[in-house]
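Asks: Here's a sequence, model it:
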Amino acid sequence: MPTVIKKLDAGAYQLKDQVVSINRVTKVVKGGKNLSFAALVVVGDPSAAVVGYGSGKAKEVPQAIRKGIESAKKNLVRINLTQTTVPHTVLGRYGSGMVLLKPAPEGTGVIAGGAVRAVMTSAGIQNVLTKSIGTTNPHNVIKATFDALKKLKNKEDVAALRGKTAQEL
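Replies: Alright, predicted model coming up:
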């Protein structure tokens, strides 16, 4: 049974944006090189466990960031959390990038690097152990992180699939 993902309204949340990477890109044309900037941005509301990512490209950095934020607001996703951590261990994949997310006890903090840390803090996850395996390309790492976050299930869903109550698990 396919899960229907309904679009989340960006105006309903207090979104905070975080720039993950800014890349200077050039296009070689007949008259020389055209310079522009590509920005990868993560937006999220830590209190609502909502997070999204987007990229924007423009001639100046601030415009590229603005475009990235607008793009990120269009693909927000809600995440299943247990208090301040992820409910179970999960592995997300995208391309040659893999991201492993493991639940951590209270007081551990976010043990993550670079792109994964930006997604975790924006999503409101306070205690998690992560490992990025394979590529270090921030675009693929973020997409692998989102793949992992989308795979997270809450206790009620698992109980319903097994035909039991949440207390029986």
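
Asks: domain parsing for this protein?
Replies: 10-77, 80-162 (automatic domain parsing).

Asks: Flag whichever of these has the least confidence on average.
Replies: Least confident of the domains of the chain, judged by mean pLDDT, is domain 80-162 with a mean of 86.

Asks: Quick one: end-to-end distance for that domain.
Replies: One end of domain 80-162 sits 18 Å from the other (C-alpha to C-alpha, to the nearest Å).

Asks: Centre of the chain to that domain, how far?
Replies: Its chain's C-alpha centre and that of domain 80-162 lie 8 Å apart, by C-alpha atoms, centre = their mean, to the nearest Å.

Asks: before we move on, what about stretch 64-78?
Replies: Using C-alpha atoms, centre = their mean, the offset of stretch 64-78 from its chain centre is 11 Å.

Asks: can you list contacts of that stretch?
Replies: 5, 7-8, 10, 13, 15, 17, 19, 22, 36-43, 48-58, 146, 149-150 (C-beta atoms under 8 Å, 6 or more residues apart in numbering). Any C-beta I mention is one placed from the backbone N, CA and C, and that applies to glycine too.

Asks: Swap in 7 Å and give it another go.
Replies: The contact list for stretch 64-78 (C-beta atoms under 7 Å, 6 or more residues apart in numbering) reads 8, 10, 15, 17, 19, 37-43, 49-58, 146, 149-150.

Asks: again, but for stretch 106-121
Replies: So stretch 106-121 is contacted by 18, 20, 42, 51, 84, 99, 125-130, 132, 138, 141-142, 145 (C-beta under 7 Å, 6+ apart).

Asks: Helices - which of these land there?
Replies: Using DSSP state H, the subset of the contacts of stretch 106-121 located in helices is 138, 141-142, 145.

Asks: Of these, just say which sits nearest to G92.
Replies: T145 (5.9 Å; C-beta to C-beta).

Asks: For the nearest residue to G54 once chain neighbours are set aside, what is the enclosing helix or strand?
Replies: Leaving out its chain neighbours, the residue that sits closest to G54 by C-beta to C-beta, 6 or more residues apart in numbering is S71, at 2.8 Å. Remark: S71 resides in helix 61-74, with elements defined by DSSP states H and E.
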